[in-house]
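> fold the following and give me the result.
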Amino acid sequence: MTKVNHVGIVVEDGDEKTVVIVEALNSVKKHTMWSQYANTGHKVAIYRPLNLNEKELEAITAKANSYVGQGYSYTKIAAHYLDWLFGSVYFFRRFASMDNDPICSWLVAKCYQVVGKRFGVDADAASPDDIWDYVSTNKNYRCMRALREVF
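Now for the predicted structure:
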């Protein structure tokens, strides 16, 4: 069962009103979680990796920031859907250009890939639910904010 349908990456720590995230929406944007999700009915969770050093965290953050301003690929979303339709195979996504116009899960997976981390699947094949399943069950990730609405 799918638990989440979107992921982003924290690039600046803060409280619920000031934490800054990078995420692929209609383009890759950098903003506060509050400005995007407060009083929208969307639920948000935050997981923190426990197995990364400061240099690795800086590399992940730099990679995320490098995507800001890029477009969003609806073609990749179609490729994810077709793979899901055919039993979650990794076929159509192989042919969708993933280096430009990222989607949310690709962006997060590629950022972590720069330090050799994966979410149990190839970065090009990662879905939001794959990332959720991995971080919510892996001892190397701590839940900093349970999945709930932003008020």
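> in its sheet, which strands sit next to the host helix or strand of Arg48, and in what direction?
Taking DSSP states H and E as the definition, one finds Arg48 inside strand 43-49. Using DSSP bridges, strand 43-49 pairs in its sheet with strand 141-149 (antiparallel).
> so what's Glu56 up against?
Val115 (Cβ atoms under 8 Å, 6 or more residues apart in numbering). No exception for glycine: its C-beta is placed from N, CA and C like everyone else's.
> where does it sit: helix, strand or coil?
State at Glu56, reduced to three classes by DSSP: H, G, I helix; E, B strand; the rest coil: helix.
> picking up where we left off before, contacting residues around the strand holding Arg48?
For strand 43-49, contacts defined as Cβ under 8 Å, 6+ apart pick out 4, 10, 19, 33, 37, 57, 117, 132, 135-136, 140-150.
> now the buried members of these.
4, 10, 19, 33, 37, 117, 132, 135, 141, 145, 150 (16 or more other Cβ atoms under 10 Å).
> for the fourth one, grab phi and psi.
When you say that, I think you mean Met33. Backbone torsions of Met33, given as degrees, to the nearest 10, read phi -60, psi -40.
> cool, thanks, talk later.
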